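> Got a predicted model here, sequence first, then my questions.
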Amino acid sequence: QQDAFAAESQARASRARESGLFAQEIVPLTVNQKDKEGNVSKVVVEHDDGIRATSAEKLAKLKPAFKKDGTTTAGNSSQVSDGAAAILLMTRAEANKRGLKPIGRFHSYSVVGVPPSVMGIGPAYAIPPALKQAGLSVEDVDVYEINEAFASQALYCVKKLGIPHEKVNPNGGAIPLGHPLGCTGARQI
């Protein structure tokens, strides 16, 4: 299941990139690149390179990352990536005053803690009280962005919450896009 989840996330991210959905998220960067002979040339980096064409079958062939008989591999885990993000959060009245078109609506939030030994399952426990506070149900939300540090923890959250898989990370998640520490939450919005 983890490899199928990871492969689907990769495919979704690939489709999103091909359709231009990430174009405004990435600022092209010109860097010096050295080839095998030591020659330096300038290269423009215009997109992330974590998105890969793969399949659950290919991912299933990778070795476990943490335990000899484990199921978490490099292919169903997020990569550590560099990134930066910013969010403007304001009232609708303030947005109107500034001529800005809102792209979302902040309904509620919830803060919960889970034992460190089960890192990553916080959404399974934070989403229900946030939904309750907002007067919403799981079915009322169109899209869930749940961090994919590992397919195992993302799948746990999806199953525990009963979220239809098609509503989760429709443009791919951290497995193909990376887990830029300090900006994942902002990037998800």
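Great, that's in hand.
> what distance separates the start and the end of stretch 89-109?
End-to-end distance for stretch 89-109: 14 Å, by C-alpha to C-alpha, to the nearest Å.
> Could you list the residues in contact with it?
Applying C-beta atoms under 8 Å, 6 or more residues apart in numbering, the external contacts of stretch 89-109 come out as 88, 126, 130-131, 133-134, 136, 189. The way it works is simple: take the backbone N, C-alpha and C, and place the C-beta from them, glycine included.
> change it to 7 Å
With contacts defined as C-beta atoms under 7 Å, 6 or more residues apart in numbering, stretch 89-109 is touched by 130, 133-134, 136, 189.
> can you list the residues you listed in JSON lines and add pLDDT?
Below are the contacts of stretch 89-109 laid out as JSON lines (pLDDT from 0 to 100):
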{"residue": "A130", "pLDDT": "94"}
{"residue": "Q133", "pLDDT": "94"}
{"residue": "A134", "pLDDT": "94"}
{"residue": "L136", "pLDDT": "95"}
{"residue": "I189", "pLDDT": "66"}
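> Any quick ChimeraX command for the buried ones out of the residues you listed?
Per 16 or more other C-beta atoms under 10 Å, the buried members of these correspond to this ChimeraX selection:
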select :130,134
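> closest to E148 among the contacts of stretch 89-109?
For the contacts of stretch 89-109, the closest approach to E148 (C-beta to C-beta) belongs to I189, at 15.6 Å.
> If anything else comes up later, I'll come back, but that's it for now.
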